[in-house]
Structure formats: structure tokens, C-alpha cells
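1. predicted model and sequence follow; I will ask about them next.
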Amino acid sequence: MLSHKLLIGLSTAMLSSISVASELPLKFSASVIVENNLPYAVDISIPSGESASIKLKNGLRLEVNNLNVVGQSSPSVKLYDDNSATPRLIHSAKSESLKSPNNWSVSYTVCSGHAQFSSPAPAVPLSCPM
């Protein structure tokens, strides 16, 4: 009977540690290059259950959601073009399999209104065809 209580205690402790780890802020970094111009760098920390909207150059906007809580969906990023009356979604992605669940790096290269996406962000960003 003593070993049964120990297993329950260990299971509860493991669940608690998983829940606490997943409620840490998301450290999000992005590099956005538009038409081979200099990259726009983003480095932010987003508390669990919150989101951030970041306005970039040329009317682009990143929207990052940190729903990295047990039982909910994983963090996500969306890239919008806000240059017209109705924002246009260019790309969206979820962080399904992060090596570190609280660190996510992405890279966007936007060429003629289309996005090339990389995650994790490569050491050398993609470029637009000449």
C-alpha cells in the first residue's frame, strides 16, 4: 500500500512540473526580410495565455499567440499585410515540435507579397530570387 501512495505522489508531482514548465513565457524571435532589404528583428517574451501584435516595415504585422498551456493549442504566428482596408493573411504557422517548448525562432522572407517561412530561423536567411 505504501508503494501505491508513492506512485500517486510521483504522478501528481510530474503533472505539476509539466504544467508549471508550460506556463513559462514564450521567448519568441523573428527575422523578417522584405524584398531583400535589411532584416527586421523581433525579440519578445510573451506570457502564457497572451498574444502580441508587432507592426513591421512596409505595412506588415506579426501576430504571436502563446497558448502554450496544458490542454490548449501550441504557440502560433501569423504574418499579415495591412496595406489595404482589409488585412490580408500572408502566412500562419504553429510551433508543433519545438526542441525547447518556451523558445521559438522563425524567419520570413517576403518576395512580391508571398512569404517564405523557416523554423527554426536559419543562420543565413533566405533571399528573394533576382
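-> Here it is on my side, so go on.

2. which residues of the protein fall in helices?
-> 2-22 (DSSP state H).

3. now do the strands in it.
-> For the chain, the strands defined by DSSP state E cover 26-34, 40-46, 50-55, 60-66, 76-81, 88-94, 103-111, 114-118.

4. what's the burial count for Ile33?
-> 20 (other CB atoms under 10 Å). No exception for glycine: its C-beta is placed from N, CA and C like everyone else's.

5. residue contacts, it?
-> 39-40, 107-110, 125-128 (CB atoms under 8 Å, 6 or more residues apart in numbering).

6. what bridges to it?
-> Thr109 (DSSP bridges).

7. give me the low-pLDDT residue ranges for this protein?
-> Low-confidence segments of the chain, defined by pLDDT under 70: 1-22, 68-73, 97-101.

8. end-to-end on stretch 33-40?
-> 6 Å (CA to CA, to the nearest Å).

9. may I see the buried residues of that stretch?
-> By neighbour count with 16 or more other CB atoms under 10 Å, stretch 33-40 contains the buried residues 33-34, 39-40.

10. check the offset of it from the chain's centre.
-> Averaged C-alpha coordinates place stretch 33-40 at 20 Å from its chain's average position (CA atoms, centre = their mean, to the nearest Å).
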